[in-house]
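Chemist: Sharing a model that was predicted from the sequence below.
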Amino acid sequence: MNRRQLLRACGTVAVLGAAGCNAPGREATRRVGRRDTGGPRNWPMFLHGRTNRRCFPTDHDVLERSAIDWSYGTDDAIWSSPVLADGTLYVGSYDGHLYAISLETGDARWRYRTGDRIDGSPAVADGTVYVGSHDRNVYALDAETGEERWIFGTKGIVRSSPTVGDGTVFIGSHCRTEECSVFYDVRWPERGYVHAIDADTGVPEWRYETGDGVLSTPAVRDGTVYVGSSDDTLYAFDAASGKPRWTYETGGSIMSSPVVADGRVHVGNVAGEVHAIDAQTGDGLWTFDANRGFDSAIDLSVVVTGSPAVCDGTVYVGAMVPDETVYGKLYAISASDGTGKWSTSPFAQAIGSSPVVVNGVLYFGAHTFGPTQDVSPGVFAVDEDGTERWSYTVDGAEHRGFGSSPAVVDGTLYIGSTDGHVHAFDLE
Amino acid sequence: MVALQPGDAAVYVGANDGALYAIDARTGDRIWTFAEPSEPITSSPRVSGGTVFVGANDGNLYAVDATTGERRWEFTDPSKPVTSSPMVSGGAVYVGADDGAVYAVDARTGERVWATEAAGPVSSSPTVADGTVYVGADDRTVYAIDSETGDRVWTFDEPVGPVTAPTVAGNAVFVGSDDRNVYAVDAGTGERVWTFEEPAGPVFSAPEVAEGTVFVGSWEALFAIDAGTGDAEWSIDLPTTGIDASPTVVDGVVYVGSLDGALRAVEAATGSENWIFNEPPGWIVAAATAFDGTVYVGAGDGTLYAVGMETGERRWAFDEPSAGIATAPTVVSFQQDVPGTDAREALEYR
């Protein structure tokens, strides 16, 4: 399998998912209330905050997994990543609904039907939940009731997740049809946009056209919006005007969402590169090329679609690595100079999930491209030196695993699954 | 350059390469190119009195001589792109702009007559009927404006998403919205008559109304709706694609392009497909124009296609634009007594 085939496989998840991912009916068990175990108390948007950093050191003991605490089933696969705010978990499903699930009871408070599947994550701000859909709309719904506040149509399908800051929703849009998202390299090239929409009214503030689809989720810091595009470029926009402050060209499509930490922007691309860029100037500081990984003599075609986590001088990122077989691999890279520290594998066939670091433990999901008995997809916890601490694996023949990224709130890890469920793991 | 002779017809279309093209309707040869705009043209040209009016993303409205392609005037008041298509009526050009204003401009001089503000970009195109300008805006509102004074007559703000260009038929105004609904509104009062809630995704373009039926495209479907009741008459499923373009209805046949680059001819009464033209490799997002046995449609591959109305076969393809065509072509026959009425009007008057 070459990279192009892999990307196509990545894009056809809906088709492949339909065979092996039919969810059982909705079910829920009660969970206990919150406890003070460190880490964040809310997780309002994809990759936690506006900078996407996801590093939560605390003084507490390392959190251990005990068991699945509860799960909630939707009617199709979940690739969207859950967000949590004020006791409610919000997640999108391939069944086209956005779900609001009570953390107290594990039951749905409400669900809202969009016109097509939901790939991206919702974001919650000031009592409103925002989400994009393949039907090409961005929805703003009352977080309490699910009632429509506004709806804004982009010209392309929306796979990016909204980031909300300073009263504005920032989100990317892809090309116009599902077909062009799968065969984007075959069909006439299509453009993508970065949109800024008034969070209150839904009135568009600005939009910027890039050379290809924008699947990446924007990061916002100090009045600057950072976002990648499939045109290989990382953009930094003035949040108010939409004018580019700088652009930075990489060697491959950027589906990964940029992470801002310590004055730097970190982003991966489908050519297996991880870049660190000066957030102010747009100057490249270092590039880590996973294809020439330190533990492999041969050139590989590594694909990075997930986002890095930056913690204590280390950048962690998942990837899919085509070798004789395809496998998921985790890289640890020095944040100061971009040299590889370690890598570990295999984790199913791909880590598209973006890791979160809590108390020195990395949590992430791994998935497959279709039913396979060769690997076990699952949720994994590894130490900062790459040692596996625990895993929750499922049968790869029946279950494509976890492409969703975890959210950790009050000592519980929440992640979406291709079996249609949101799983909550008690980390105590 | 091809000189226009009496008896010729010209097709006018704007492209994302920032040029307005005049093309010989019979042969597909270029007559002239107007390349002054510095940004893409996503506004569909309107022709009246021998002048082509077109907006551009550089924030200007241009008036161009239909015969020579020379600029007559430019209107530079808008501070943001003019993606709205101009409407010409009673000596005035009405157009919206992304700066949130609707402008009335003297068609002869290019001087501003009035401007009225909406609370969001006005990317949809105005419609004029009985002295009233109807226009939809991204602030989720339909405005009815006095065409003489620019004063508001009524507003309709029930949609929760941006609204399309309105279509006026009978005593009703029909609009679609990003909120996945189609609305029928009383043209006199602005009261809602019905809501059609079946579209699965945003409705981006003006509904077409013919013989008491509203035709509208959306994500994965084309709908025919009873204009009086708002009930569905029929629909066509278009899996994994959708319709952003306004349908065009001529002699009981609906012509409509879709996002996967297909142009379809379907019976207006039943929805049964007469033919499908699959040649464009890229999207079709603007209305087709039918004139004298030929359907003209632009596509994302930067090509304007001329297709036989009966056969669905290509007559010619004009592929000079270096970027996609997202505007509806306008056809003008220089045989007509009134030069410059556009194709739809011409057909209605024939």
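Modeler: Done, it's in.

Chemist: now the strands for the stretch 301-428 of chain A?
Modeler: With DSSP state E, counting those that start in this stretch, the ranges of strands along the stretch 301-428 of chain A come out as A:309-311, A:314-322, A:326-334, A:340-344, A:356-358, A:361-366, A:378-383, A:388-393, A:407-409, A:412-416, A:421-426.

Chemist: In TSV: those, plus distance to chain B, mean pLDDT and mean neighbour count.
Modeler: (Each C-beta comes from the backbone N, C-alpha and C, glycine too.) TSV is the format used below for the strands of the stretch 301-428 of chain A (distance: least, Cβ to the nearest Cβ, whole Å; pLDDT from 0 to 100; neighbours: other Cβ atoms under 10 Å in any protein chain shown):
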stretch	distance to chain B	mean pLDDT	mean neighbour count
strand A:309-311	34	93	25
strand A:314-322	25	93	26
strand A:326-334	26	94	23
strand A:340-344	37	94	17
strand A:356-358	33	91	25
strand A:361-366	27	94	27
strand A:378-383	31	94	22
strand A:388-393	33	91	16
strand A:407-409	28	92	27
strand A:412-416	23	93	27
strand A:421-426	24	91	24
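
Chemist: any chance of these in JSON lines, plus distance to residue A:40?
Modeler: Converted to JSON lines, the strands of the stretch 301-428 of chain A look like this (distance: least, Cβ to Cβ, whole Å):
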{"stretch": "strand A:309-311", "distance to residue A:40": "13"}
{"stretch": "strand A:314-322", "distance to residue A:40": "17"}
{"stretch": "strand A:326-334", "distance to residue A:40": "22"}
{"stretch": "strand A:340-344", "distance to residue A:40": "25"}
{"stretch": "strand A:356-358", "distance to residue A:40": "9"}
{"stretch": "strand A:361-366", "distance to residue A:40": "13"}
{"stretch": "strand A:378-383", "distance to residue A:40": "17"}
{"stretch": "strand A:388-393", "distance to residue A:40": "20"}
{"stretch": "strand A:407-409", "distance to residue A:40": "6"}
{"stretch": "strand A:412-416", "distance to residue A:40": "11"}
{"stretch": "strand A:421-426", "distance to residue A:40": "15"}
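
Chemist: which element follows the helix or strand of chain A with the lowest mean pLDDT toward the C-terminus?
Modeler: Least confident helix or strand of chain A, by mean pLDDT, DSSP states H and E, is helix A:13-20 with a mean of 27. Downstream of helix A:13-20, the next assigned helix or strand under DSSP states H and E is strand A:55-56.

Chemist: Could you list the residues in contact with that following strand?
Modeler: With contact meaning Cβ atoms under 8 Å, 6 or more residues apart in numbering or on different chains, strand A:55-56 is reached by A:38-40, A:261, A:309-312, A:356-359, A:408.

Chemist: hmm, try it at 7 Å
Modeler: With contact meaning Cβ atoms under 7 Å, 6 or more residues apart in numbering or on different chains, strand A:55-56 is reached by A:39-40, A:309-311, A:357-358.

Chemist: Pipe those residues into TSV and attach distance to residue B:16 per row.
Modeler: Converted to TSV, those look like this (distance: Cβ to Cβ, whole Å):
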residue	distance to residue B:16
A:39	48
A:40	44
A:309	39
A:310	39
A:311	44
A:357	44
A:358	47
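
Chemist: And those, which is closest to residue B:117?
Modeler: Closest approach to residue B:117 among those (Cβ to Cβ): residue A:40, at 43.2 Å.

Chemist: what bits of the chain have low per-residue confidence?
Modeler: No chain specified, so I'll use chain A. A:1-39, A:57-68, A:178-190, A:293-300, A:428 (pLDDT under 70).

Chemist: ah, I was thinking of chain B
Modeler: Looking at chain B by pLDDT under 70, you get B:1-4, B:335-350.

Chemist: what about 50?
Modeler: In the prediction, chain B carries residues with pLDDT under 50 at positions B:1, B:337-350.

Chemist: need the helices for it, in chain order.
Modeler: Using DSSP state H, the helices of chain B run over B:343-349.

Chemist: ok, residue 221 - contacts?
Modeler: By default, I'm working from chain A. Contacts of residue A:221 (Cβ under 7 Å, 6+ apart): A:50-51, A:260, A:279.

Chemist: wrong chain, I was asking about chain B
Modeler: Neighbours of residue B:221 in contact, by Cβ under 7 Å, 6+ apart: B:199-200, B:235-238.

Chemist: Top of the residues you listed by number of neighbours, please.
Modeler: Neighbour counts for the contacts of residue B:221 (other Cβ atoms under 10 Å in any protein chain shown) peak at residue B:199, which has 25 neighbours.

Chemist: ok now do that one, which residues does it touch?
Modeler: B:180, B:182, B:218-219, B:221.

Chemist: next one: residue B:35
Modeler: For residue B:35, the contacting residues are B:18-19, by Cβ under 7 Å, 6+ apart.

Chemist: Kindly report the same for residue B:78.
Modeler: B:59, B:97, B:99, B:101, B:103.

Chemist: make it 8 Å
Modeler: B:59-61, B:97-99, B:101, B:103.

Chemist: Ignoring the adjacent residues along the chain, who's closest to it?
Modeler: Leaving aside its sequence neighbours, residue B:78 sits nearest to residue B:97 (Cβ to Cβ, 6 or more residues apart in numbering or on different chains; 3.6 Å).

Chemist: Distance of that neighbour relative to residue B:304?
Modeler: 26 Å (Cβ to Cβ, to the nearest Å).

Chemist: One more: residue A:418?
Modeler: 44 Å.

Chemist: and what of residue B:71?
Modeler: 22 Å.

Chemist: can you check residue B:75 too?
Modeler: Distance from residue B:75 to residue B:304, by Cβ to Cβ: 26 Å.

Chemist: Over to residue B:66?
Modeler: According to Cβ to Cβ, residue B:66 and residue B:304 sit 17 Å apart.

Chemist: Which one of those two is surrounded by more residues?
Modeler: residue B:66 (26 against 23).

Chemist: give me every residue that touches residue B:138.
Modeler: Per Cβ under 8 Å, 6+ apart, neighbours of residue B:138: A:203-204, B:118, B:120-123, B:162.

Chemist: if we go to 10 Å?
Modeler: Contacts for residue B:138 (Cβ atoms under 10 Å, 6 or more residues apart in numbering or on different chains) come out as A:152-153, A:197, A:201-204, B:96, B:98, B:100, B:118-124, B:161-163, B:178.

Chemist: With neighbour count added, can I get the contacts of residue B:78 in TSV?
Modeler: Below are the contacts of residue B:78 laid out as TSV (neighbours: other Cβ atoms under 10 Å in any protein chain shown):
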residue	neighbour count
B:59	20
B:60	21
B:61	24
B:97	27
B:98	23
B:99	18
B:101	20
B:103	27
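
Chemist: Farthest-apart pair in those, please.
Modeler: Pairwise over the contacts of residue B:78, using Cβ to Cβ, the maximum falls at B:60 and B:101, 13.8 Å.

Chemist: Which residues are in contact with each of those two?
Modeler: What both residue B:60 and residue B:101 touch, as defined by Cβ under 10 Å, 6+ apart, is the set B:77-78.

Chemist: Regarding chain B, what is its longest strand?
Modeler: strand B:213-226 (DSSP state E).

Chemist: What residues sit buried inside that strand?
Modeler: By 16 or more other Cβ atoms under 10 Å in any protein chain shown, the buried positions in strand B:213-226 come out as B:213-225.

Chemist: One more: stretch B:50-60?
Modeler: Buried residues in stretch B:50-60 (16+ other Cβ under 10 Å): B:51-60.
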